[in-house]
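Asker: This is a predicted model, with the sequence first.
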Amino acid sequence: MQADTRAQGGVGSGAPEGVSGQNPEQGHRPVEYHIAYCAYGATGEGETLFVAVSGTQEHAMSAFKSNVPEYWKDHMTLDVIGDESSAATRSITCWIPQAALDLIAGCPPGTNFYFAIMHCNLS
């Protein structure tokens with residue numbers, strides 16, 4: 001499964017597995033995936049993840065801030081998905097659908113984004 005591979009660190013190649021990293025609208029220049037996220041967990045409240053991905057850092061940050069409650073805006077982490085990503089960022093990339101990354105790669109940087117809120121409470 002692709003998500004399993006990426007969760008184990010397959011993202012280190014600069015682009016998630018299966019994404020060409022090419023943007024046909026930009027003359028096949030490599031695509032950078034920028035991520036803005038916040039993960040929160042509390043006993044009895046479960047785990048919540050807010051994540052936004054785009055082709056530019058500014059657009060990922062804007063997508064994140066326009067979609068999360070005010071309190072979480074100050075807890076945002078920004079990173080680039082790739083070889084230099086933090087371990088936390090690499091663990092979150094397994095939750096990003098391949099179709100969203102393909103859409104971002106196929107459009108000019110900063111013209112679209114993926115945003116999701118994921119919540120799990122096992123109590």
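Answerer: That came through, no problem.

Asker: helix, strand or coil for Y37?
Answerer: strand (DSSP: H, G, I helix; E, B strand; the rest coil).

Asker: can you give me the helices in the chain?
Answerer: 2-7, 57-65, 70-73, 87-92, 98-105 (DSSP state H).

Asker: Point out the most buried one among the ones you listed.
Answerer: The highest average neighbour count among those, using mean count of other CB atoms under 10 Å, belongs to helix 57-65 at a mean of 19. Placement of C-beta: from N, CA and C, glycine included.

Asker: E84 and R90: what is the separation?
Answerer: Computed as CB to CB, to the nearest Å, the E84 to R90 distance reads 10 Å.

Asker: Let me have the helices of the chain in CSV, adding mean pLDDT and distance to T43 as columns.
Answerer: Listed next are the helices of the chain as CSV, based on pLDDT from 0 to 100; distance: least, CB to CB, whole Å:
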stretch, mean pLDDT, distance to T43
helix 2-7, 30, 24
helix 57-65, 95, 26
helix 70-73, 84, 18
helix 87-92, 92, 20
helix 98-105, 92, 31
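
Asker: V31: which of these is closest?
Answerer: helix 98-105 (4.6 Å; CB to CB).

Asker: Mind giving me the packing neighbours of the closest one?
Answerer: Packing partners of helix 98-105 (3 or more CB pairs under 8 Å, 6 or more residues apart in numbering; DSSP states H and E): strand 46-54, strand 113-120.
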